[in-house]
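> dropping a prediction and its sequence here:
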Number of protein chains: 2
Amino acid sequence: MSASNKTLSHLDNEKLKKIHLFSDLNNFELDMLRSICHLKNYYKNDVIFFDTEPYRGFYCVLKGKVRIYKVSKDGKEHTLHFITELNTFAEVPMFESYSEDTKDEFTYPANAVALDDYTELILVPKKSFFQIFGQNVKIYLKMVASLSKRLRLLNNHIESLTLKDVSQRLANYLLNEVNHSVNLKRNNSAEFVIIDISRADLASYLNVAAETLSRMLGKFQDDGLITIKGKTVKVNNLALLSKLAE
Amino acid sequence: MSASNKTLSHLDNEKLKKIHLFSDLNNFELDMLRSICHLKNYYKNDVIFFDTEPYRGFYCVLKGKVRIYKVSKDGKEHTLHFITELNTFAEVPMFESYSEDTKDEFTYPANAVALDDYTELILVPKKSFFQIFGQNVKIYLKMVASLSKRLRLLNNHIESLTLKDVSQRLANYLLNEVNHSVNLKRNNSAEFVIIDISRADLASYLNVAAETLSRMLGKFQDDGLITIKGKTVKVNNLALLSKLAE
DNA sequence: CGTAACCTTGATTAAGATCAATTCTCGTGG
DNA sequence: CCACGAGAATTGATCTTAATCAAGGTTACG
């Protein structure tokens, strides 16, 4: 939980524009943005915020990965999202206060922790953001789109958690990786997925004990569905995997 | 699945303004809105949409209640939300298409069914909505706030589902009803909550078998926490219930 | 190479689902 | 106003999935 606090002066507008939320902004708006943001650095396992903290603002991932999670009374963790480069997180409390009877200070909706060493984040402070972008339709369009996308993700996540068993959830996860992951290689018609998170983190995302995940991965391999070599998973039978995931 | 198709001519602007999403609109904007919307009527158990259907637009509840749910391959249902009067649902696909590489037609994110006879909904068609309100900051502010609120709800829902056992989930539900329900009576320092949904629907929201919910309600009563009389639940020990929910 | 963190495998347990049988509730018609 | 019947809710007995507990292996990294 060190996190140095620098300016974004070294970030040019082209780089800022790569962040999806900001891709439609013009140079003037980007300059404004740069003037209000803070750059933050983290090592692996550094906590970015707890769900008990008062809200400061939202974050963009420049480098590294972030895990968003909840903790139960007796210490069990459930991972809600893995946030990858160029994506934003913790926007929710920014807008909850609007149209709200209560003027309570909102907290972060979950906990966040850096997954990699040298994780680099931009912090966009709530107050300055509203002063500058409070009436900017372009930002709102992006924001609505991004929140909508996340709502559908959570919908699907809940569907997995409540209506599918462990093997279905795992199959579903692997399929999503094949379809959406940046860590994908193709090689004489076979798909290689790189699971770049620990088994424990994957287990906490699938809401399953690490032991059970291990067994299930073993079973998938025994059944010829996949071939595991460390972090790399080769998908041998996409059709069967799809069937399993249903 | 009958659902007649009428205009909103009988709805005055004051009534429309009660819908939270539209409360900030001026009379001109409300007139525009009225001209593009359709009024729909449903009986209990009428399906409003399936998650396989192409998206038409979003809905506002004028009268009655709506259940939003997902179904597993073998028919098990999980309820994501109960939508009550003056609230909107199915806004998500409206905005997913924006900032999206794919120009795929999106489907509804879940299934929706009317819970009461004479449920009355407004359908706001996607296309006309964008033509009229596509650049309206007021609507976007409301929309962002509403989506944010729902995201936190889903966050908390997932937290319940993954990190709490059945008794904790039930206690948590009852507490939320005491704190937020419109169906609340207070009577010499005791709280009466009216559960105006069936046990089966509650069970599907808590992701528990109806039999297990029944047993748990019985246990809460035996333990003196609550007193059940039909749909009315009297909360005898709020402090203990709060402790149980943690 | 050594060691600590991570992962896998095996045996047992427990929470809650499922199956089966009553009982309760409430709307309907006589 | 009461009797009837169907759907809803409860209760009991058993089963299943995945968690937990407890050892071993592996891997990565200094």
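Yep, it's here.
> could you find the closest non-adjacent residue to the most centrally placed residue in chain A?
The residue lying closest to the centre of chain A (Cα atoms, centre = their mean) is A:Ile83, at 2.0 Å. For A:Ile83, ignoring the flanking residues on the chain, the nearest one in space by Cβ to Cβ, 6 or more residues apart in numbering or on different chains is A:Val66 at 4.3 Å. Backbone N, C-alpha and C define where each C-beta goes, glycine included.
> for the helix or strand that contains A:Ile68, buried residues please.
Counting by DSSP states H and E, the element that carries A:Ile68 is strand A:66-71. By 16 or more other Cβ atoms under 10 Å in any protein chain shown, the buried positions in strand A:66-71 come out as A:66-70.
> so the lengthiest helix in chain A versus helix B:137-163, what angle?
Counting residues, the longest helix found in chain A (DSSP state H) is helix A:137-163. Helix A:137-163 and helix B:137-163 meet at an angle of 20 degrees, taking axes from the mean of the first three to the mean of the last three Cα atoms, to 10 degrees as the criterion.
> in helix A:137-163, what's buried?
A:138-152, A:154-155, A:157-163.
> what residue spans form the domains of chain A?
Taking automatic domain parsing as the domain assignment, the ranges for chain A are A:5-162, A:164-245.
> want to throw the ones you listed into JSON lines with mean pLDDT?
Shown next, in JSON lines, are the domains of chain A (pLDDT from 0 to 100):
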{"stretch": "domain A:5-162", "mean pLDDT": "90"}
{"stretch": "domain A:164-245", "mean pLDDT": "90"}
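> sorry, back to before: what's the closest of the buried residues of strand A:66-71 to DNA strand C?
Nearest to DNA strand C among the buried residues of strand A:66-71: A:Arg67, at 13.0 Å, using Cβ to the nearest atom of the strand.
> surely the closest one meets A:Asp116?
No - if you go by Cβ atoms under 8 Å, A:Arg67 and A:Asp116 don't touch, sitting 10.2 Å apart.
> which residues does the residue nearest to A:Lys18 when sequence neighbours are not counted contact?
In this structure, A:Lys18 finds its nearest non-sequential neighbour in A:Leu86, 5.6 Å apart by Cβ to Cβ, 6+ apart. Contacts for A:Leu86 (Cβ atoms under 8 Å, 6 or more residues apart in numbering or on different chains) come out as A:18-20, A:60-62.
> out of those, which are buried?
The neighbour count (16+ other Cβ under 10 Å) marks A:19-20, A:60-62 as buried among the contacts of A:Leu86.
> report the two of the residues you listed separated the most.
Pairwise distances across the buried ones among the contacts of A:Leu86 (Cβ to Cβ) peak at 12.7 Å, for the pair A:His20 and A:Leu62.
> and the buried ones among the contacts of A:Leu86 near chain B, which?
Among the buried ones among the contacts of A:Leu86, the residues within reach of chain B (Cβ under 8 Å from any Cβ of the partner chain) are A:His20.
> what is the nearest of the buried ones among the contacts of A:Leu86 to DNA strand C?
Of all those, A:Val61 has the smallest distance to DNA strand C: 21.0 Å, by Cβ to the nearest atom of the strand.
> so that closest one is in contact with A:Asp116, correct?
No - A:Val61 is beyond contact range of A:Asp116, at 10.1 Å (criterion: Cβ under 8 Å).
> which stretches in chain A count as helices?
A:13-17, A:27-36, A:92-96, A:126-133, A:137-163, A:166-180, A:199-206, A:210-222, A:238-245.
> packing partners of the first one?
Translated: helix A:13-17. Judged by 3 or more Cβ pairs under 8 Å, 6 or more residues apart in numbering or on different chains; DSSP states H and E, the packing partners of helix A:13-17 are helix A:27-36.
> what sits up against the helix it packs on?
For helix A:27-36, contacts defined as Cβ under 8 Å, 6+ apart pick out A:7-9, A:11, A:13, A:16-17, A:22, A:25, A:124-125, A:128-129, A:132-133, A:136.
> would you mind writing the CA trace of it as PDB?
C-alpha atoms of helix A:27-36 as PDB (Å, rounded to 0.1, in the frame of the first residue of the first chain):
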ATOM      1  CA  ASN A  27      -7.000  17.700 -27.000                       C
ATOM      2  CA  PHE A  28      -8.300  20.500 -24.800                       C
ATOM      3  CA  GLU A  29     -10.400  18.100 -22.800                       C
ATOM      4  CA  LEU A  30      -7.500  15.700 -22.400                       C
ATOM      5  CA  ASP A  31      -5.300  18.500 -21.200                       C
ATOM      6  CA  MET A  32      -7.900  19.300 -18.600                       C
ATOM      7  CA  LEU A  33      -8.100  15.700 -17.600                       C
ATOM      8  CA  ARG A  34      -4.300  15.400 -17.300                       C
ATOM      9  CA  SER A  35      -4.300  18.400 -15.000                       C
ATOM     10  CA  ILE A  36      -6.600  16.900 -12.400                       C
END
